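**Student:** need the 3D shape of this:
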Amino acid sequence: QDVTSDSIPNDTGLLVTTRLDQSTRDYLESGGRVFLLEPEPAFRVEKTNFRLSSWDGGGPSGTLLNQDHPALRNMSADGWCDLQFYSLIQGSKTVSLDELPAKVRPLVRCIDRPTRLANRAYLFEVAVGRGKLLVSGFNFARGITAGDAGAIYFFDQLLRYALGSDFTPKASIPVEALTANVSK
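**Tutor:** The predicted structure follows:
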């Protein structure tokens, strides 16, 4: 269903969106579940690409995937994003977690370049008001459009997680933290 910014149906189980507008924030704060596929401008982001190493010092050094987390349990990865994540990381965005008003443990962490070591995430979750927010900087549009089976599987796993009873973010942030960079 095509949802405009002021028409989120009350019986929506999960809103998958690329916009964190006022209507989405209201829905989230009142107890809704939101899977945000475009973290910018609500969060400070940095664009990134898949790299096997940061030998030139200009990009991320790798990833850490929290396989103990219920959202990632069924992912075939050894705790990090290998080539099956190529289409998702190429042209992706990482979110700076240091500026959030709570300590957020990422589901998929971007290991920053050694000269900076900022706290960055490709995927994380937070509670907002009575709602739950899953935020992804992965390039799902690229992966799914390309027919990448790994990207499609991962997206499906995240949808199932966000709709299920295991979706229980530990960290909580106020809705005002989401409006800092977003016009109302």
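**Student:** quick one: secondary structure of the closest residue to Ala146 other than its chain neighbours?
**Tutor:** The spatially closest residue to Ala146, leaving aside those adjacent along the chain, is Ser87, at 5.6 Å (C-beta to C-beta, 6 or more residues apart in numbering). To be clear about C-beta, it is placed using only N, CA and C from the backbone, and glycine gets the same treatment. Three-state call for Ser87 (DSSP: H, G, I helix; E, B strand; the rest coil): helix.
**Student:** so in the protein, which helix runs the longest?
**Tutor:** helix 149-163 (DSSP state H).
**Student:** I'd like to know which helix or strand in the protein has the lowest mean pLDDT.
**Tutor:** Taking mean pLDDT, DSSP states H and E as the measure, strand 62-65 is the helix or strand of the chain with the lowest mean score, a mean of 69.
**Student:** now do the top strand by length along the chain against helix 149-163, angle only.
**Tutor:** In the chain, taking DSSP state E as the definition, the longest strand is strand 119-128. Note on geometry: by axes from the mean of the first three to the mean of the last three C-alpha atoms, to 10 degrees, strand 119-128 and helix 149-163 are set 30 degrees apart in direction.
**Student:** tell me which strands strand 119-128 pairs with, and in which orientation.
**Tutor:** When pairing is defined by DSSP bridges, strand 119-128 lines up against strand 92-96 (antiparallel), strand 108-111 (antiparallel), strand 131-136 (antiparallel), strand 172-173 (parallel).
**Student:** for the nearest residue to Val95 once chain neighbours are set aside, what are its contacts?
**Tutor:** In space, and not counting its chain neighbours, Val95 is closest to Phe43: 4.5 Å by C-beta to C-beta, 6+ apart. The contact partners of Phe43, by C-beta atoms under 8 Å, 6 or more residues apart in numbering, come to 95-96, 100, 135, 181.
**Student:** let's see it at 10 Å
**Tutor:** When contacts are counted by C-beta atoms under 10 Å, 6 or more residues apart in numbering, Phe43 is found next to 20, 36, 93-97, 99-100, 121, 124, 135, 137, 177-178, 180-182.
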